[in-house]
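Q: Take a look and give me a structure for this.
(one chain, ligands or ions: 1)
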Amino acid sequence: MDWLTNTIGTSIGKKLLMAITGLCFCGFLVVHLIGNLTIYGGKDFFNAYVDHLHSYGPLINVAELVLLTLAAIHVLTGTILFFGNLNARPERYVVNKSAGGRTIGSSTMPYTGFLMLLFIIFHLFNFHFADHENQTVFEIVANAFAQRGYVFIYIVAMIIVAIHVSHGLWSAFQTIGASHPKYTPLIEGVGIAFSVIIGIGFGFIPIFIFTI
Ligand code: HEM
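A: Numbers count the residues shown, from 1 in each chain. Sure, this is the predicted structure:
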């Protein structure tokens, strides 16, 4: 256990935790987006997908618990790193420089991260903790996205998610050591392509539902 406490105690150890939990979240986003795309197949197709997901029962509960634990680690470690960097300003600039120069993504990471946390809490109350007894998940989503306010919040949130992920994915690869200069443009490209797919993929759903 000593190696674990020692690793978490160092700045690079915390960055490693951020990278691993962040990459797991990127994986979740891909699975969640693929699932959500079934909404284009219509009410029955989407509800059938959700029912199929719920049929896994306790497995889904375990997955949710894992997700919650990863979120807690990511947010807590990110907060510790953020305040640590605030207290050691010169070090903060070194970190930013080594992260390949400042981009909108890199310079806003803590703020976009915090806004994403607020969004996820809002999102869970909208959909996950909604009344599932008297309405289908399609109805829950359709009722929400029939309102301009929700559509607006979701579009802004998806832009924030895309900005966070655009730097996060690249930074995670740097941290785990996949940073050979030869591959830097490729990793940067993958990060941008991924964030655009996530942003547009999720962001277009509220617009689509609003217009049908
Ligand atoms: C238009 C975009 C989105 C739609 C329509 C959507 C839809 C949904 C729905 C319907 C649920 C509840 C599933 C259920 O309880 O059966 C859900 C859960 C969830 N969503 Fe989203 N989602 C969107 C974007 C996002 C984004 C961008 C994130 C993360 C940044 C996210 C994170 C989550 C999480 C963590 C859960 C809880 C997982 C669970 O229920 O097991 N969602 N989403």
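
Q: When you work out contacts or count neighbours from here on, use the C-alpha atoms and nothing else.
A: OK.

Q: shouldn't Thr136 be in contact with Asn47?
A: Yes. Using Cα atoms under 8 Å, Thr136 is in contact with Asn47, at 6.9 Å.

Q: Now for the closest residue to Val137 other than its chain neighbours, how many residues are close by?
A: Once flanking residues are discounted, Val137 sits nearest to Asn47: 6.4 Å by Cα to Cα, 6 or more residues apart in numbering. Asn47 has 17 neighbouring residues, counting by other Cα atoms under 10 Å.

Q: Compute the distance between Asn47 and the ligand, please.
A: 9 Å (Cα to the nearest ligand atom, to the nearest Å).

Q: That residue touches Phe138, doesn't it?
A: Yes. Asn47 is within contact range of Phe138, at 6.1 Å (criterion: Cα under 8 Å).

Q: Low-confidence regions, the protein specifically.
A: 1-4, 89-101 (pLDDT under 70).

Q: contacting residues for the residue in it that the ligand sits nearest to?
A: In the chain, the residue that lies nearest the ligand is His128 (3.8 Å; Cα to the nearest ligand atom). Listed by Cα atoms under 8 Å, 6 or more residues apart in numbering, His128 has no contact partners.

Q: before we move on, back to that, could you identify the helix or strand that succeeds whichever strand or helix holds the residue nearest to Val137?
A: Element membership for Asn47, per DSSP states H and E: helix 43-54. For helix 43-54, the following helix or strand on the C-terminal side (DSSP H and E) is helix 58-87.

Q: I'd like the distance between the residue sitting nearest the centre point of the chain and Ser166.
A: For the chain, Phe25 is the residue whose C-alpha lies nearest the centre (Cα atoms, centre = their mean; 5.4 Å). Going from Phe25 to Ser166 by Cα to Cα, to the nearest Å gives 13 Å.

Q: The ligand contacts on this structure?
A: Asn36, Val50, Glu64, Ile120, Leu124, Phe127, His128, Val137, Phe202, Gly203, Ile205, Pro206 (Cα under 6 Å from any ligand atom).

Q: how about a cut-off of 5 Å?
A: When proximity is defined as Cα under 5 Å from any ligand atom, the chain approaches the ligand at Phe127, His128, Phe202, Ile205.

Q: are any of those residues buried, and which?
A: Phe202, Ile205 (16 or more other Cα atoms under 10 Å).

Q: which residues are in contact with the strand or helix carrying Phe122?
A: Here Phe122, judged by DSSP H and E, is contained in helix 104-123. Outside helix 104-123, the residues that touch it by Cα under 8 Å, 6+ apart are 75, 78-79, 82, 96, 99, 157, 160-161, 163-168.
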